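Engineer: Provided below are the primary sequence and the corresponding predicted coordinates.
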Amino acid sequence: MAEGYAAGSAELATQNWDWEKCSVRGRFGPKIVFLICDVQDRFKEVILNANQGVAVSNMMVKAADVLGVPVVITEQYPKALGHTVGDIDTSKAKVIEKTQFSMVTPEFRDYVKGVADFVCEPGELAGSLPPITYVVLGWETHVCVRQTVQDLLDSAKSGATRNIVVVADGVSSQRKYDRDIALKGMEANPNIEVMTAESVLFDLIRDKNHPCFKQISALAKSYGESYKQGDNAQWW
């Protein structure tokens, strides 16, 4: 585990992130945030391959803890849809309740600017977000995930590129064609890369000699084993 990644949500919301303790290497570094969208109890009852989505989210949260990467988790109207599925540890994440579909709420913007130590330049739109990598997963692909990704793209300052990674095995919808069409649309955008969770994690460490290799490899192996059982054996 990267040092300095031990604060709870309340504290994380009010302090800058200690990027010196972040162990991410390669093209997605040095600043990166994992975004987990609306993986909630009521959705789990109706989402295709829901157990797979929960397993991926759980793995990504654990990997963030190992690598020292901040995590934002949103919950869509939890009064009616319940909170984040209990298998996912939210204790070290910034959890945001919302009613809009996109994760990019005012609270989200404030938090991400804080962890990235980002200040808008004179003449720049106040809604601009820091030019860091956003790794997005969750439910539902064609609504909340797609709108989140679009808002992240729209928040880039004029002329800037935006690194957005959508985790293919970590997103789902109630209907297969909704998920498929949304993913195809996102794949067509040059500022969005669609990857599997394992591919993302090994892209973040890049080398067997990375100090977190054994921990990340163990997480990937555990996910692979669980994927062979139950509904996780079903692919798209």
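Structural biologist: Sure thing, it's come through.
Engineer: quick one: the helices in the protein, in order.
Structural biologist: 9-12, 41-44, 50-67, 78-81, 106-116, 146-154, 176-187, 197-205, 213-227 (DSSP state H).
Engineer: need the winner for burial among these.
Structural biologist: Mean neighbour count (mean count of other CB atoms under 10 Å) peaks for helix 50-67 among those, with a mean of 23. In short, each C-beta sits where N, CA and C put it, glycine included.
Engineer: helices and strands around that one, which ones?
Structural biologist: Helices and strands touching helix 50-67, as assessed by 3 or more CB pairs under 8 Å, 6 or more residues apart in numbering; DSSP states H and E, comprise strand 32-37, helix 41-44, strand 71-76, strand 133-139, strand 163-172, helix 197-205, helix 213-227.
Engineer: what helices and strands are in contact with the first one?
Structural biologist: Packing partners of strand 32-37 (3+ CB pairs under 8 Å, 6+ apart): helix 50-67, strand 71-76, helix 106-116, strand 133-139.
Engineer: nearest to Glu198, of the ones you listed?
Structural biologist: helix 50-67 (8.5 Å; CB to CB).
Engineer: least confident of the helices and strands packed on strand 32-37, on average?
Structural biologist: Looking at these, the lowest mean pLDDT belongs to helix 106-116 (a mean of 88).
Engineer: may I have that one as PDB, with CA atoms only?
Structural biologist: C-alpha atoms of helix 106-116 as PDB (Å, rounded to 0.1, in the frame of the first residue of the first chain):
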ATOM      1  CA  PRO A 106     -20.400  20.600  -8.300                       C
ATOM      2  CA  GLU A 107     -19.100  18.500  -5.300                       C
ATOM      3  CA  PHE A 108     -17.200  16.300  -7.700                       C
ATOM      4  CA  ARG A 109     -15.600  19.300  -9.400                       C
ATOM      5  CA  ASP A 110     -14.500  20.700  -6.100                       C
ATOM      6  CA  TYR A 111     -13.100  17.400  -4.900                       C
ATOM      7  CA  VAL A 112     -11.100  16.600  -8.000                       C
ATOM      8  CA  LYS A 113      -9.700  20.200  -8.200                       C
ATOM      9  CA  GLY A 114      -8.600  19.800  -4.600                       C
ATOM     10  CA  VAL A 115      -6.800  16.400  -4.900                       C
ATOM     11  CA  ALA A 116      -5.200  17.600  -8.100                       C
END
